[in-house]
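Visitor: Quick one: sequence and predicted model below, then my questions.
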Amino acid sequence: PWHQFPACPHRPLFRPNRDARNFLRPRFSPILAKCGTGPLDPGAPRHITGADHMTIIKNIAKQKLAAGELAIGFGLRSMRTVDAGRIAAACDFDWLFIDMEHGSFDVDLACQISVAALDSGITPIPRVPGHQHFHSARVLDGGAMGVVVPHVSTVEEAKLAVHNCKFPPVGHRSMVGGLA
């Protein structure tokens, strides 16, 4: 499976390649109601069973690239909807490229799209508008699983971009609370 969460005997795993077409059709399931999640899409990868469990979302694009496989991305520049992740999942894409440099996305919308993409099993990767640390940190804190930093021309600029994205002791990105 592409993600890991506490096992539930009432709910099968979501399989992106097999279930993506049905993922766009919201339904109420008495099986999901048994688990206490209510009227959710049965393909939703999030499943919360209690405060003592945490969902782990894997970076599918990174895993595919590490395995030598092709990870295919879906680019957004003017599509300003959180449904982009669901559309990408239905079309068997692996990751979502959110263009904040050339598109009209602000941090808020990029984070909303990122969280919605994660719920669809798609890896969100925004291209931030600049080199400053807050550009990368804010979208990573908001749900992105990676960033593209534009106009990196030197080794020093590349090291600084990585330093801005990593937590201490490797980098200097500050901690954030949990997403509400």
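Guide: Received, thanks.
Visitor: what residue ranges in the chain score low on pLDDT?
Guide: 1-54, 176-180 (pLDDT under 70).
Visitor: show me where it has helices.
Guide: 16-23, 30-34, 60-66, 84-90, 107-119, 133-141, 155-165 (DSSP state H).
Visitor: Run the angle between the fifth one and helix 133-141 for me.
Guide: Helix 107-119 and helix 133-141 are oriented at 30 degrees to each other (axes from the mean of the first three to the mean of the last three CA atoms, to 10 degrees).
Visitor: Make TSV from the helices of the chain and add distance to Gly75 to it.
Guide: C-beta: built from backbone N, CA, C; applies to glycine. As requested, these are exported to TSV (distance: least, CB to CB, whole Å):
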stretch	distance to Gly75
helix 16-23	19
helix 30-34	33
helix 60-66	13
helix 84-90	10
helix 107-119	12
helix 133-141	16
helix 155-165	20
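Visitor: Quick check: which of these is buried the most?
Guide: helix 84-90 (a mean of 22; mean count of other CB atoms under 10 Å).
Visitor: coming back round to it: can you say which of the helices of the chain is nearest to Ser174?
Guide: Among the helices of the chain, the nearest to Ser174 by CB to CB is helix 133-141 (7.1 Å).
Visitor: Output the contacting helices and strands for the closest one.
Guide: helix 107-119, helix 155-165 (3 or more CB pairs under 8 Å, 6 or more residues apart in numbering; DSSP states H and E).
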